[in-house]
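A.B. asks: Got a predicted model here, sequence first, then my questions.
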Amino acid sequence: MYMPEPGKQNAPTPPFLPCTCANLRRAARVVTKLYNRELLSDGIEITQFTLLMALNYVGEISQGELGELLALDSTSLTRMLKLLKHHGWVQSKQGNDRRIRLFRLTKAGREKFQQCLPHWKHAQEQLRAVLGEKTISELGSVLAEVTRASV
């Protein structure tokens, strides 16, 4: 799955590599660039938007559960949450167990999510236009299966 930059629709398809991980990572980098281009005007990257989206979806969640949901290691997630807290988009509180921190969007975080949503949707539409509805649906299923099998 190669997503050429705008205006480069006839770019050659890169070769399939004998490593599934390399092919997945290459595709992820290209798709990440697409989403980041769309979100640039909002001053946010897809990694940050994904956290806002996840927190908007689940409401309140522990850091451990959020890490499991997004398949993120604790160190990376801590760094990302710290940045979102710095912007005032996320707040945390102590859970019933003192070792657990619960995270949720702030009002500013919900507003930021809503502000970014149209740009994210535009990236989604671009990907859907290139791949088609059937492939997008199949891709979602395959990626869910890969995630399930890899954990």
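C.D. replies: Okay, I see it. Residues are numbered from 1 along each chain as shown.
A.B. asks: max-length helix in this structure?
C.D. replies: helix 107-131 (DSSP state H).
A.B. asks: what pLDDT, on average, does it get?
C.D. replies: Regarding helix 107-131, the rounded mean pLDDT is 97.
A.B. asks: what's next to that helix, contact-wise?
C.D. replies: With contact meaning C-beta atoms under 8 Å, 6 or more residues apart in numbering, helix 107-131 is reached by 1, 3, 31, 34-35, 37-39, 41-42, 44, 46, 49, 52-53, 55-56, 84, 87-90, 105, 136, 139. In this view, the C-beta of every residue, glycine as well, is placed from N, C-alpha and C.
A.B. asks: Please indicate which of the residues you listed are buried?
C.D. replies: Buried members of these, scored by 16 or more other C-beta atoms under 10 Å, are 1, 3, 31, 34-35, 37-39, 42, 44, 46, 49, 52-53, 55, 84, 89-90, 105.
A.B. asks: Three-state assignment for residue 93, please.
C.D. replies: What DSSP: H, G, I helix; E, B strand; the rest coil gives for residue 93 is strand.
A.B. asks: Now do it against residue 23, distance only.
C.D. replies: Separation of residue 93 from residue 23 (C-beta to C-beta, to the nearest Å): 41 Å.
A.B. asks: show me what contacts the residue nearest to the spatial centre of the chain?
C.D. replies: In the chain, the C-alpha nearest the mean C-alpha coordinate belongs to residue 50, at 3.7 Å (C-alpha atoms, centre = their mean). By C-beta under 8 Å, 6+ apart, the residues touching residue 50 are residue 70.
A.B. asks: Could you report the separation of it from residue 132?
C.D. replies: Here residue 50 is placed at a distance of 24 Å from residue 132 (C-beta to C-beta).
A.B. asks: Pretty sure residue 102 sits in a strand.
C.D. replies: Yes: assessed by three-state DSSP, residue 102 belongs to a strand.
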